[in-house]
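**Q** Quick one, fold the following:
(one chain, ligands or ions: 1)
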Amino acid sequence: MARTAPLTPVNHDRDSAGMTYVYPVVSRRAGGVSVGVNLNPNNACNWACVYCQVPNLVRGTAPEIDLAQLEAELRAMLTGILHGDFMKTRVPEGARRLNDIALSGNGEPTSARVFPQVIELIGRVMADFKLTGKIKLVLITNGSLVDRPRVQDGLGKMAALNGEVWFKFDSATASGMRSVNQTRIAPEKQFDRLAAAARLCPTWLQTCMFALDGKPPAEPEQAAYLAAVERIRKQQIPVRGVLLYGLARPSMQPHAGRLSPLPAGWLEAFAEKIRAAGLPAQVSP
Ligand code: SF4
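**A** Predicted coordinates for the structure are as follows:
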């Protein structure tokens, strides 16, 4: 699934010239460089979130992944960042730090058939560059495939690599998920997937909130979300917290014109309600 707002590509087109799967990103929020791994160069996702920033998004799954090419690209990118002049020439002072490798692309990464092999490959490369335990490995996912054994296999491998899952959780109602994520997945099933992910690998909820036709999420939507947070706490599901995002970058989808950012104060007030319901919450307007 695509990165959310606070990550700003630096010379994205040039940097990624010649690379299919790997690209560098400077994160304002984290004050450092993230190496992105895109397993969906075909812009295919099984969801179609109304705020998605992927241009020409289509429904579908990741294509066959050329693992040898992915490994060569990752090694070349890390060599440039750690041993070349990438930081000096491309990254502003204050952000010249490698923070993480993030599986975050133009679609749902866990739809790649070789997802666990990709995690293994990244683990091997991290070890060779002496990065194991020093940087994070982040998976940005809509979580819809977590019940598949191969995805669980990959999440278990991620946990051993200082891994973190950012699990998309915009709505806890069927109508909300239909309207925001354009999926017919049952919220109850999605909750079970969230619980499974959190038990396999440290997991954060990643929530995007915005105004639709000028209106913030309705009261029952907000109440259902907060009830899900309380349920997480009561059932002691080891979710680390909530990353609450606004709409800092424009949607590339047909509904884009109906979406607008919520005031920072609205997001902060909702984060306070999340904290009161039992989970830590960080806001990125
Ligand atoms: S999960 Fe949503 S935001 Fe992520 S790539 Fe798919 S459609 Fe885009």
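**Q** Near the ligand, which residues of the chain? Just list them.
**A** Listed as neighbours of the ligand in the chain under the rule Cβ under 6 Å from any ligand atom: 1-2, 45, 47-49, 52, 54, 57, 107-108, 142, 168. All C-beta atoms are positioned from the backbone trio N, CA, C, and that covers glycine.
**Q** who touches stretch 264-284?
**A** 4-6, 29, 205, 209, 216, 222, 226-227, 229-230, 232-234, 239-246, 248, 285 (Cβ atoms under 8 Å, 6 or more residues apart in numbering).
**Q** swap in stretch 141-151?
**A** 1, 45-47, 49, 103, 108-111, 113, 115-116, 152, 155, 165-169, 181, 183, 185, 189-190, 192-194, 196-197.
**Q** measure the residue in the stretch 101-250 of the chain positioned nearest to the ligand to Gln182 for me?
**A** Closest contact between the stretch 101-250 of the chain and the ligand, by Cβ to the nearest ligand atom, is at Asn142 (3.8 Å). Between Asn142 and Gln182 the computed distance is 11 Å (Cβ to Cβ, to the nearest Å).
**Q** Kindly report the same for Glu93.
**A** Distance, Glu93 to Gln182, by Cβ to Cβ: 41 Å.
**Q** One more: Pro220?
**A** With distances taken as Cβ to Cβ, Pro220 is found 20 Å from Gln182.
**Q** Looking at these two, which is more packed in?
**A** Legend: neighbour count by other Cβ atoms under 10 Å for Pro220 and Gln182, higher for Gln182 (16 against 11).
**Q** those helices in the stretch 51-200 of the chain, which residues are they?
**A** Taking DSSP state H, counting those that start in this stretch as the criterion, the stretch 51-200 of the chain carries its helices at 67-83, 86-90, 115-128, 149-159, 174-180, 187-200.
**Q** all strands of the stretch 151-285 of the chain, in order?
**A** 163-168, 203-208, 211-212, 239-245, 259-260, 281-284 (DSSP state E, counting those that start in this stretch).
**Q** Mean neighbour count and mean pLDDT added to those, as JSON lines?
**A** Output for those, formatted as JSON lines (neighbours: other Cβ atoms under 10 Å; pLDDT from 0 to 100):
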{"stretch": "strand 163-168", "mean neighbour count": "24", "mean pLDDT": "98"}
{"stretch": "strand 203-208", "mean neighbour count": "24", "mean pLDDT": "98"}
{"stretch": "strand 211-212", "mean neighbour count": "16", "mean pLDDT": "95"}
{"stretch": "strand 239-245", "mean neighbour count": "20", "mean pLDDT": "97"}
{"stretch": "strand 259-260", "mean neighbour count": "16", "mean pLDDT": "94"}
{"stretch": "strand 281-284", "mean neighbour count": "18", "mean pLDDT": "94"}
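**Q** rewinding a little: for the helices of the stretch 51-200 of the chain, which one sits closest to Lys134?
**A** Nearest of the helices of the stretch 51-200 of the chain to Lys134, taken as Cβ to Cβ: helix 115-128 at 8.5 Å.
**Q** now for the closest one, which elements pack on it?
**A** Helix 115-128 sits against helix 67-83, strand 98-103, strand 136-141, helix 149-159, with contacts defined as 3 or more Cβ pairs under 8 Å, 6 or more residues apart in numbering; DSSP states H and E.
**Q** List the buried residues in the last one.
**A** Of all the residues in helix 149-159, those buried under the rule 16 or more other Cβ atoms under 10 Å are Val151, Gln152, Asp153, Gly154, Leu155, Lys157, Met158, Ala159.
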